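Q: got a structure for you, letters missing:
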């Protein structure tokens, strides 16, 4: 069975004037349109998360040069700016929503910028955009106790199913953080696959609950973007990110050990 690497692109906000909280991980609408045009010029075929995972699970072939376009959190610019560009090219994508950040009845007020509302999410779902889960309030899932972790996952899944009339099957970990316990909980909650970050190409051997993505930022120029989707120089591009991620992983593990020790003394 083929284990050809697949680029999964992780976007957040697509905005002309993002706020300070989202600026670094935002992409200008013009840059996003240029990146989609480049994918077309390079003969990539966008598929959604469910299609990629189903293909790798069943052994059925993917299209030539597959690529995934994903959006995290649920920023309004995905509807305003990304959707028209995706529709122009006929590209599939996946949007992972933090349900407590979407404007409407379930809004907890935690959204970092102007967020989508549920009518806009439904409109996106009516096109070639798969809607996946991204937790309810966007916490670091590996820092939650078992009950809180399950609540975040189940509430997210139930809200999406209730609002859209379809149960989400794909999930993306907030901040990219997961652990064996978190991955097991995501599976138990009924999600069939989940995406991390990792800043590397996705491969079947990573497993359906730890597929890696490549971060696209406001600073990502078109030449760098071409290198990323072709899988060239990724390690060099994201060397600093990986060092920071490894360091913070050690901090998070230490916090978990302290919390377990504290609970055992109670």
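A: Done, it's in. In this text, all values refer to a predicted model and were calculated from it rather than measured experimentally.
Q: And the pLDDT at residue 2?
A: Per-residue confidence (pLDDT) for residue 2: 62.
Q: just the strands in the stretch 101-250 of the chain please.
A: Counting by DSSP state E, counting those that start in this stretch, the stretch 101-250 of the chain has these strands, from start to end: 129-133, 170-172, 193-198, 211-215.
Q: Take these and lay them out in CSV including mean neighbour count.
A: C-beta here means a position set from N, CA and C on the backbone, and glycine is covered the same way. What follows is the strands of the stretch 101-250 of the chain, written out as CSV (neighbours: other CB atoms under 10 Å):
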stretch, mean neighbour count
strand 129-133, 25
strand 170-172, 29
strand 193-198, 24
strand 211-215, 22
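Q: In TSV, list these along with distance to residue 51 and mean pLDDT.
A: Shown next, in TSV, are the strands of the stretch 101-250 of the chain (distance: least, CB to CB, whole Å; pLDDT from 0 to 100):
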stretch	distance to residue 51	mean pLDDT
strand 129-133	8	98
strand 170-172	10	98
strand 193-198	10	96
strand 211-215	13	97
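Q: Tell me where the model's unsure across this protein.
A: 1-2, 233, 235-266 (pLDDT under 70).
Q: any idea which strand is longest in it?
A: Criterion DSSP state E: the longest strand present in the chain is strand 66-73.
Q: Compute the inter-axis angle for that strand and strand 211-215.
A: 70 degrees (axes from the mean of the first three to the mean of the last three CA atoms, to 10 degrees).
Q: Packing partners of the helix or strand following strand 66-73?
A: Sequence order places helix 77 as the next helix or strand after strand 66-73, per DSSP states H and E. Contacting helix 77 under the criterion 3 or more CB pairs under 8 Å, 6 or more residues apart in numbering; DSSP states H and E is no other helix or strand.
Q: Centre of the chain to helix 77, how far?
A: 16 Å (CA atoms, centre = their mean, to the nearest Å).
Q: Show me what that helix is in contact with.
A: Helix 77 is contacted from outside by 13, 14, 15, 26, 29, 114, using CB atoms under 8 Å, 6 or more residues apart in numbering.
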